[in-house]
Structures are given as C-alpha cells and as structure tokens.
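>>> Quick one: sequence plus predicted model below, questions after.
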Amino acid sequence: MRSILKASTLESKFPIMAVEHGCIVSKDADITVAFRVTLPEVFSVSSAEYEAMHAT
C-alpha cells in the first residue's frame, strides 16, 4: 500500500520569514518582540516548611 500523505516543509507551515535584531518578522510583515519576565515565586516555602505543613 502506498502512502498518500504529502510531505510539507516546516517553512511552509510557519509564517516566520526572519529573526532580526531580536524581533521575529513574519511573511505577512508582522513584527513580534518577545520579553523575558522574571517574577519572584509567590507562596514559596522551603522543603522543611513544606514537610512541616503536611505533618500537621
């Protein structure tokens, strides 16, 4: 039995044209800028405090 699936490339599925100066440029001329956000952990406890909470 022959395979009827057609092969396609990754470039044809994703509209990314280039990555320049930290920006992603799509084939539709959209420009995307990504930011890295570093937030502190909220409600973080140490492993000893975590065990103490579960022990009570």
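Received the coordinates, thanks.
>>> burial of residue 26, as a residue count?
13 (other Cβ atoms under 10 Å). (Glycine included, C-beta is placed from N, CA and C.)
>>> ok, so what distance separates it from residue 14?
Distance of residue 26 to residue 14, given as Cβ to Cβ, to the nearest Å: 9 Å.
>>> cool, residue 5 as well?
For residue 5 relative to residue 14 (Cβ to Cβ), the value is 19 Å.
>>> Excluding residues flanking it in the chain, which one is nearest the spatially most central residue of the chain?
Taking Cα atoms, centre = their mean as the criterion, residue 34 is the residue nearest the geometric centre of the chain, at 10.3 Å. In space, and not counting its chain neighbours, residue 34 is closest to residue 24: 7.4 Å by Cβ to Cβ, 6 or more residues apart in numbering.
>>> check contacts around the one you found.
16, 18, 31, 32, 33, 34 (Cβ atoms under 8 Å, 6 or more residues apart in numbering).
>>> Okay, strands next: where are they in this structure?
16-20, 23-26, 31-33 (DSSP state E).
>>> Tell me where the chain has helices.
Taking DSSP state H, the helices of the chain run over residues 10-13, 47-55.
>>> nearest to residue 38, of the ones you listed?
helix 47-55 (22.5 Å; Cβ to Cβ).
>>> so how far is the closest one from its chain's centroid?
Here helix 47-55 is found 33 Å from its chain centre; the criterion is Cα atoms, centre = their mean, to the nearest Å.
>>> And the closest residue to residue 22 other than its chain neighbours, how far from residue 25?
Distances taken as Cβ to Cβ, 6+ apart place residue 33 nearest to residue 22, at 7.0 Å, with adjacent residues excluded. Per Cβ to Cβ, residue 33 is found 11 Å from residue 25.
>>> Which one's more surrounded, these two?
residue 25 (16 against 8).
>>> could you point out where this protein is predicted with low confidence?
Applying pLDDT under 70 to the chain picks out residues 1-3, 42.
>>> do that again at 90, thanks
In the predicted model, the chain carries pLDDT under 90 at residues 1-22, 24, 26-30, 34-56.
>>> Noted, bye for now.
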